[in-house]
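Enquirer: sequence? don't have it. structure:
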Ligand code: CO8
């Protein structure tokens, strides 16, 4: 079945819905995800959570059976479709959290890496095993993994196709936290550490950090000066500073 979106509390919850194939990403699923991410932009939500159906997998990657026998042109278009969908997630103004409850392999890990954060259950297993198929990652993995964990570890994972356990993923900075218990409740609790703040200010902060990775530091500092000025001009900045001076809790209104 295709993925679904729903609103739970202040969150958009995107659920991969193909447990019988460990939530593998067919092209129909990628296209649906792309539509759903567009929909998220219109929802009155403060963060996006992405979860896989079933207790075995977040997502086992691109649908390998569908990839077989494709010609060069359709392979390239396919990679670009997956990349574009994941880039849409990365560029959302609200933060996103991948809830990795089991396997996150190949395109599944790439989907998780397109999110702002990843939290994992202790049994989660992650990897980019494309090399074992005679392939390399095609949905952003070669770009995002090194940015997250550094070149040497990214090369180690991509060139060996090795699976890493949740514990090592946390140590390497691939996941933000390992959580026991119900993954969705834990995901909401994790996200509430930042969704309590002003949404426009959160989006400026997220954008400034993201753009630091694509720009030389001098250009990044210019971007930071611009975005921090935009944040400074919000009513929420006035409220936050006033609340500090008055020794009370700030009440942000997303403006
Ligand atoms: N694609 C299609 N079907 C899958 C996939 C997948 N990626 N992963 C699992 N499935 C299916 C299995 O075929 C099986 O179906 P069936 O019951 O009909 O045989 C069902 O899900 C259950 O899987 P297993 O029986 O294999 O479950 P296990 O618990 O034994 O093993 C594993 C779980 C270890 C996760 C195993 O399923 C596995 O290794 N899966 C493949 C992981 C992988 O290699 N992922 C990377 C895929 S390539 C990719 O993501 C990017 C490619 C480049 C993109 C460019 C595209 C244009």
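Expert: Everything's here; your move. This is a predicted model, so every value here is computed, not measured.
Enquirer: OK, contacts around the residue nearest to the spatial centre of the chain?
Expert: Among the residues of the chain, residue 115 comes closest to the average C-alpha position under C-alpha atoms, centre = their mean, at 0.9 Å. Taking C-beta atoms under 8 Å, 6 or more residues apart in numbering, we find residue 115 in contact with 48, 50, 89, 90, 96, 97, 98. No exception for glycine: its C-beta is placed from N, CA and C like everyone else's.
Enquirer: quick one: it and residue 59, what's the gap?
Expert: Distance, residue 115 to residue 59, using C-beta to C-beta, to the nearest Å: 12 Å.
Enquirer: hmm, back to that, now, the contacts of residue 115 that are in strands?
Expert: The strands, defined by DSSP state E, take in 48, 50, 96, 97, 98 from the contacts of residue 115.
Enquirer: export these as CSV, with columns for pLDDT.
Expert: Converted to CSV, the ones in strands among the contacts of residue 115 look like this (pLDDT from 0 to 100):
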residue, pLDDT
48, 98
50, 98
96, 98
97, 98
98, 98
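Enquirer: for the ligand, state which of those is nearest.
Expert: residue 98 (15.0 Å; C-beta to the nearest ligand atom).
Enquirer: how many neighbours does the closest one have?
Expert: Residue 98 has 30 neighbours, counted by other C-beta atoms under 10 Å.
Enquirer: can you check residue 88 too?
Expert: Residues near residue 88, counting by other C-beta under 10 Å, number 17.
Enquirer: what's near enough to touch the spatially closest residue to it that is not a sequence neighbour?
Expert: Leaving aside its sequence neighbours, residue 88 sits nearest to residue 37 (C-beta to C-beta, 6 or more residues apart in numbering; 4.6 Å). If a contact means C-beta under 8 Å, 6+ apart, then residue 37 has 14, 48, 85, 88, 89, 92 as its contacts.
Enquirer: which phi and psi does the first one have?
Expert: Residue 14 adopts backbone torsions of phi -100, psi 120, taken as degrees, to the nearest 10.
Enquirer: number of residues surrounding it?
Expert: By other C-beta under 10 Å, the residues close to residue 14 number 23.
Enquirer: who touches the nearest residue to it once chain neighbours are set aside in this structure?
Expert: The shortest distance from residue 14 to any non-neighbouring residue, by C-beta to C-beta, 6+ apart, is to residue 50 (4.7 Å). For residue 50, the contact set (C-beta under 8 Å, 6+ apart) comprises 14, 15, 16, 89, 96, 97, 98, 99, 111, 112, 115.
Enquirer: go ahead and confirm residue 12 touches residue 42.
Expert: No - if you go by C-beta atoms under 8 Å, residue 12 and residue 42 don't touch, sitting 10.0 Å apart.
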